[in-house]
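**Student:** Compute the structure for the input listed below.
(one chain, ligands or ions: 1)
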Amino acid sequence: MFKIVKKRELNPTVTEMVIEAPLIAKKAKAGQFIIVRAGADSARIPLTIAHYDREAGTVAIIFQVVGGGTMELNALNEGDCVHDFVGPLGKATEIEGLKNVCVVGGGVGCAIALPVAQALKAQGTHVTGIVGFRNKDLVILEDEFRACCDELIIMSDDGSYGRQGVVTVPLEEKIKAGANFDEVIAIGPLVMMKFVVKTTKPYNIKTVVSMNPIMVDGTGMCGGCRLTVGGKTKFACVDGPDFDGFEVDFDEAMKRGTMYREAEAKDREEECNLLKKEVE
Ligand code: FES
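**Tutor:** Residues are numbered from 1 along each chain as shown. Here you go, the predicted structure:
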């Protein structure tokens, strides 16, 4: 059992939890993930490590409430324990030697983009952050991004915060203005990452994307997280989650992602009914 030492709401649907997990905190690196289960019968949820504190022995996770598993997790409070917390899994983001990087985050993907931006800054890389949200209420981690980015551009779909529009607009502006990025790292919805790649490809700027498909075992055995990268089958849990964006078959990944939407909605409904019954 792993104790929740801190819980905070980052926006109405996104929660941060800090979990006591000294062995994971000791080994964790930016870009790696854990698998958490709220209770013994709960769904397994893969979540990228948002932050770790080796001294305190804690690991922070940030999640959006989208299905039954995340609703169960969100029902826990400080002082409660999660049943399983396994990791660190996957490969760390490769950042060594990078001098000038643009980190692009979208929505809750910003929770994954932040530790990468922080790790880049810590090694002296010039970091340009471009983060996008649907609206002002959904903005998360702004102060944290400001602290680790040399420049931060915030975009919102409806113009209620920062600039109105999608993240690829300032990205292309920066490239055209001669930003000279060694690499672009994009983390967010599949469609956002697909269009970031479309933006950078004509300029041949290496673009790394973080793939977050459905995962079950997290060890390369079940095949649930398979993707096509460069025409070959890869498993996000062991070969990734980072991949060369120019090589990823986004259309296939998006098609696979929609397969689970119906199940998630059903799960959500069942969990709501259960919680309602507990309250009654
Ligand atoms: Fe099962 Fe990756 S989660 S193979």
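
**Student:** from here on, contacts and neighbour counts on C-alpha atoms
**Tutor:** Will do.

**Student:** hey, which helix or strand in this structure has the poorest pLDDT?
**Tutor:** helix 261-279 (a mean of 53; mean pLDDT, DSSP states H and E).

**Student:** Run a quick check on residue 235 versus residue 221, I expect a contact.
**Tutor:** No - counting by C-alpha atoms under 8 Å, residue 235 does not reach residue 221; the two are 9.2 Å apart.

**Student:** out of those two, which sits in the busier spot?
**Tutor:** A count of neighbours by other C-alpha atoms under 10 Å puts residue 235 above the other of residue 235 and residue 221, at 24 against 12.

**Student:** Give the closest residue to the more buried one in space, chain neighbours not counted.
**Tutor:** residue 226 (4.5 Å; C-alpha to C-alpha, 6 or more residues apart in numbering).

**Student:** count of residues packed around that neighbour?
**Tutor:** What residue 226 shows, counting by other C-alpha under 10 Å, is a neighbour count of 20.

**Student:** Please look at it and residue 233 and confirm they touch.
**Tutor:** Yes - contact criterion C-alpha under 8 Å: residue 226 and residue 233 qualify, at 6.4 Å.

**Student:** Quick check: the gap between residue 171 and the ligand.
**Tutor:** 31 Å (C-alpha to the nearest ligand atom, to the nearest Å).

**Student:** give me phi/psi at that residue?
**Tutor:** Recorded main-chain torsions at residue 171 are phi -60, psi -50, according to degrees, to the nearest 10.

**Student:** Now do it against residue 129, distance only.
**Tutor:** Distance of residue 171 to residue 129, given as C-alpha to C-alpha, to the nearest Å: 10 Å.

**Student:** Look at these two and report which has more neighbours.
**Tutor:** Comparing residue 171 with residue 129 by neighbour count (other C-alpha under 10 Å), the higher total belongs to residue 129, at 26 against 23.

**Student:** Could you say which helix or strand holds the more buried one?
**Tutor:** Taking DSSP states H and E as the criterion, residue 129 maps to strand 126-133.

**Student:** That strand: partners in the sheet, and parallel or antiparallel?
**Tutor:** Its sheet considered, strand 126-133 pairs with strand 100-106 (parallel), strand 151-156 (parallel) by DSSP bridges.

**Student:** Kindly present these as JSON lines, with separate columns for mean pLDDT, mean neighbour count and distance to the ligand.
**Tutor:** Output for these, formatted as JSON lines (pLDDT from 0 to 100; neighbours: other C-alpha atoms under 10 Å; distance: least, C-alpha to the nearest ligand atom, whole Å):
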{"stretch": "strand 100-106", "mean pLDDT": "96", "mean neighbour count": "25", "distance to the ligand": "23"}
{"stretch": "strand 151-156", "mean pLDDT": "96", "mean neighbour count": "20", "distance to the ligand": "32"}
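
**Student:** Format the ones you listed as TSV; extra columns: distance to residue 68.
**Tutor:** Below are these laid out as TSV (distance: least, C-alpha to C-alpha, whole Å):
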stretch	distance to residue 68
strand 100-106	23
strand 151-156	28
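
**Student:** quick one: contacts for the residue of the stretch 1-150 of the chain found nearest the ligand?
**Tutor:** Residue nearest to the ligand within the stretch 1-150 of the chain (C-alpha to the nearest ligand atom): residue 46, separated by 8.6 Å. Applying C-alpha atoms under 8 Å, 6 or more residues apart in numbering, we find residue 46 in contact with 33, 34, 35, 36, 215, 218.

**Student:** 7 Å instead?
**Tutor:** 33, 34, 35, 36, 215 (C-alpha atoms under 7 Å, 6 or more residues apart in numbering).

**Student:** For the residue nearest to the first one when sequence neighbours are not counted, give me phi and psi.
**Tutor:** Which is residue 33. Once flanking residues are discounted, residue 33 sits nearest to residue 48: 3.9 Å by C-alpha to C-alpha, 6+ apart. The phi/psi pair for residue 48 (degrees, to the nearest 10) reads phi -70, psi 140.

**Student:** Over to residue 13?
**Tutor:** With angles defined as degrees, to the nearest 10, residue 13 sits at phi -120, psi 0.

**Student:** Which residue, other than its chain neighbours, is closest to residue 58?
**Tutor:** residue 20 is the one closest to residue 58 (C-alpha to C-alpha, 6+ apart), at 4.5 Å.
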